[in-house]
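A.B. asks: Everything below, folded, please.
(2 chains)
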Amino acid sequence: MESAKQLYRWWFGYGSPVTLGVFRTIFCSLIFINFVMVGLFWNDWFGQTGYVPAEIGAKWLDSHYMSGGDRSLLINRIDPLFGVTNELIVKAVYWGTVGFAALSAVGLWTRFSTFCLAVGVVAIHHRNPIILHGGDTWMRVVSVYLALGPSGAAVSLDRWLARRRGTAGEQPELISMWPQRLIAYNLALLYFTTTWAKWFGGLWKSGDATWYPARLHEFDKFPVPAFLVDYPMVKITSWGSLAVEFALGTLVFFKSLRKYVLLGGIMLHSWIEYSMNIPLFAFLMMSSYIVFYEGEETAAWWDRLKARIARS
Amino acid sequence: MVQVTAPSGDKRVHPLVCAFVAFNVVMVTLYALPKPSPAVVNNDAVPRGTDIFLKWNDATMKSHPILEHYLLPTGLWQYWDMFAPNPTQVDFWCDGEIIFFDGSKTTYQYPRMKNLQLTEKYLRERYRKFFERVNMNDPAHGNDNGWMWPVFAQHFALVNASDPKNPPVKVGLTRHWLDVPRHDAKRGPEPSYNKYTFYWHIVDQTKLARDKGWKIGKR
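C.D. replies: Got it, this is the predicted structure:
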């Protein structure tokens, strides 16, 4: 009974909104950068004369992401762009979403901005799901979660304006933690399920998996010393990746281990970011680690940092 | 900033919110769980242990209408198979042979990451991802993306069309690939890439003219 109460308190108890605010700022900035980068080639990915005209994106989504592809588009999606072939409308939704990413990052009209951002991200991803990688999926899921909760309760222009008007106190009000917990749970689920899937691949278990990505030249980024992608490092990085990802899916919830587990995750993603060309993926993942910290911890860290800067 | 203000009264989360959170957790978990081991998927082995549950989940729960109608519309659909179950062991890229009305030919280089400068490859990585999907053509395992090839090739024609009197009339899509030498193979120089023209496309001249803004019948 006590465990159930503890679980309830963890999910739904009230706490500081600071972590959620910091996370919203960083993550929505990354969404903004991502969409600007993709938007440089807008016509190829969203134009009717590009690689993915509306009907191609819709057909892909229907046949790949749900079973029974023959039922052709019977599921009503949150998709304002479904069947829209007018490029002006698609452009307006696309660049409008970019605008809402910026507004969400700074926390202006946050409830409205994050809602529009979530709808926009879902719509854009449903319009062209063919170019998405894991980081995009994470971006979409998080944008929905951010829209569900009071993610502008701290570290936002909304709060700054409210304080100026005298309608908000000096300290932000406590919020129920469930939106932050949803993100944390989903992030752990991501790592847990990818570890489980890898367990079925013989190469991860045998410690030979990282031999291969290092030799895929389409992913080449910065030069890598040969010994780092040869044995025995292949064994260390293969098994090390499995261990770190498993820990990120499980042990990260134990406060005494959290810091070490997250450091492992940062090392893993930093290495991927350095050696492989997978834009923004590492940043999206690493920036999400903050949700494993309580708002009070994030605020205390900020205060310590300010004090240290003041002393120096 | 360290201190926060407690909300007035004994605030509790509405039971409907709790129900929604629990529902969401169950839905995303069932959907994100991996497929059973490849041997079980291919019916080469009888499921054991967790495979029994994963096979049931894959066959029953992932296609359950409640799950479908919750996850796809909301954009919460997700699966996490980065480098899983095994990392890709084939390096591949693509180019196209463009044949024009007058019989002349040219090769169109679809963005190949290896040849791009750092900034360019960071910005254009989606082209690699797109070809990865276009290139999937394995009907036995549910990947049959040959239906995308005509649109893919037609765009090659569009990019290479500059003269209404001499438009591209045929496009060949060529896959270049290299099987990464096995980790336990004898070391030697990197083998050269294989190539195969996997699709020939007769260019839709009406669409090409419309997309280019050419007046039909001009040539």
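
A.B. asks: lowest-pLDDT helix or strand in the chain?
C.D. replies: Here I'm looking at chain A. helix A:54-64 (a mean of 82; mean pLDDT, DSSP states H and E).

A.B. asks: The intended chain is chain B.
C.D. replies: strand B:137-138 (a mean of 67).

A.B. asks: re earlier: ok, the least confident helix or strand of chain A near chain B or not?
C.D. replies: Yes. Judged by Cβ under 8 Å from any Cβ of the partner chain, helix A:54-64 and chain B are in contact via A:56, A:59-61. The C-beta positions use only the backbone N, C-alpha and C, and glycine is treated the same way.

A.B. asks: any idea which of the residues you listed has the most stuff around it?
C.D. replies: A:Leu61 (24 neighbours; other Cβ atoms under 10 Å in any protein chain shown).

A.B. asks: Against B:Leu16, how distant is the residue nearest to it when sequence neighbours are not counted?
C.D. replies: Distance criterion Cβ to Cβ, 6 or more residues apart in numbering or on different chains; nearest residue to A:Leu61, sequence neighbours excluded, is A:Pro129 at 5.0 Å. A:Pro129 is 31 Å from B:Leu16, where distance means Cβ to Cβ, to the nearest Å.

A.B. asks: Compare those two (neighbour count), which wins?
C.D. replies: Applying other Cβ under 10 Å to A:Pro129 and B:Leu16 shows that A:Pro129 carries more neighbours, namely 21 against 8.

A.B. asks: Confirm that the more buried one sits in a helix.
C.D. replies: No. Checked against DSSP: H, G, I helix; E, B strand; the rest coil, A:Pro129 lies outside a helix; its state is coil.

A.B. asks: unless I'm mixing things up, it is touching A:Ile56, no?
C.D. replies: No. Using Cβ atoms under 8 Å, A:Pro129 makes no contact with A:Ile56, being 10.2 Å away.

A.B. asks: surely A:Leu242 meets A:Lys198?
C.D. replies: Yes. Contact between A:Leu242 and A:Lys198 holds when scored by Cβ under 8 Å: they sit 6.2 Å apart.

A.B. asks: Start and end of stretch A:281-294, how far apart?
C.D. replies: 24 Å (Cα to Cα, to the nearest Å).

A.B. asks: Which residues does stretch A:124-136 contact?
C.D. replies: Residues outside stretch A:124-136 that contact it (Cβ atoms under 8 Å, 6 or more residues apart in numbering or on different chains): A:34-35, A:38, A:45-46, A:52, A:54, A:56-57, A:60-61, A:64-65, A:77-79, A:81-82, A:90, A:93-94, A:97, A:140, A:278-281, A:284-285, B:75, B:80, B:82, B:126, B:129-130, B:133, B:148.

A.B. asks: Run through the residues of the stretch 201-312 of chain A sitting next to chain B.
C.D. replies: A:201-204, A:208-213, A:215-221, A:231, A:234, A:277-279, A:295-296, A:299-300, A:302-303.

A.B. asks: now those: which count as buried?
C.D. replies: In those, burial by neighbour count holds for A:201, A:203-204, A:208-213, A:215-221, A:234, A:277-279, A:295-296, A:299-300, counting by 16 or more other Cβ atoms under 10 Å in any protein chain shown.

A.B. asks: Torsion angles phi and psi at the residue nearest the centre of chain B?
C.D. replies: Closest residue to the average C-alpha location of chain B: B:Arg133 at 3.0 Å, with Cα atoms, centre = their mean. Backbone geometry at B:Arg133, expressed as degrees, to the nearest 10, gives phi -70, psi -40.

A.B. asks: Check A:Pro213 too.
C.D. replies: phi -60, psi -30.

A.B. asks: go on, B:Val169?
C.D. replies: The phi/psi pair for B:Val169 (degrees, to the nearest 10) is phi -120, psi -20.

A.B. asks: Wait, it touches B:Asp204, no?
C.D. replies: No. In this structure, B:Val169 is not within contact of B:Asp204 by Cβ under 8 Å, at 10.4 Å.

A.B. asks: Helix, strand, or coil at B:Asp102?
C.D. replies: coil.

A.B. asks: nearest residue to it other than its sequence neighbours?
C.D. replies: Closest to B:Asp102 by Cβ to Cβ, 6+ apart is B:Asn166, at 5.2 Å.

A.B. asks: is it fair to say the one you found lies in a strand?
C.D. replies: No. B:Asn166 sits outside any strand when classified using three-state DSSP, being coil.

A.B. asks: So what's the residue count around it?
C.D. replies: 14.

A.B. asks: ok, now B:Asp91?
C.D. replies: 21.

A.B. asks: show me what contacts the residue in the stretch 201-312 of chain A that chain B sits nearest to?
C.D. replies: Nearest residue of the stretch 201-312 of chain A to chain B: A:Gly201, at 3.2 Å (Cβ to the nearest Cβ). Neighbouring residues of A:Gly201 by Cβ under 8 Å, 6+ apart: A:209, B:38, B:84-87.

A.B. asks: mind redoing it with 10 Å?
C.D. replies: A:208-209, B:37-38, B:81, B:83-87 (Cβ atoms under 10 Å, 6 or more residues apart in numbering or on different chains).

A.B. asks: quick one: it from A:Thr210, how far?
C.D. replies: Counting by Cβ to Cβ - A:Gly201 and A:Thr210 are separated by 12 Å.

A.B. asks: Quickly list what's touching both of the two.
C.D. replies: B:83, B:87.

A.B. asks: what about the helix or strand where B:Glu120 lies, distance to the chain center?
C.D. replies: Assessed by DSSP states H and E, B:Glu120 sits inside helix B:118-123. Taking Cα atoms, centre = their mean, to the nearest Å, one finds the center of helix B:118-123 at 19 Å from the center of the full chain.

A.B. asks: Repeat that for stretch B:65-82.
C.D. replies: 17 Å.

A.B. asks: Please work out the average pLDDT along it.
C.D. replies: Averaging pLDDT along stretch B:65-82 yields 90.

A.B. asks: rewinding a little: mark which of the contacts of stretch A:124-136 are part of helices, please.
C.D. replies: Among the contacts of stretch A:124-136, the members found in helices (DSSP state H) are A:34-35, A:38, A:45-46, A:54, A:56-57, A:60-61, A:64, A:90, A:93-94, A:97, A:140, A:281, A:284-285, B:126, B:129-130, B:133.

A.B. asks: Now the buried members of those.
C.D. replies: Applying 16+ other Cβ under 10 Å to the ones in helices among the contacts of stretch A:124-136 flags A:34-35, A:38, A:45-46, A:54, A:56-57, A:60-61, A:90, A:93-94, A:97, A:140, A:281, A:284-285, B:126, B:129-130, B:133 as buried.
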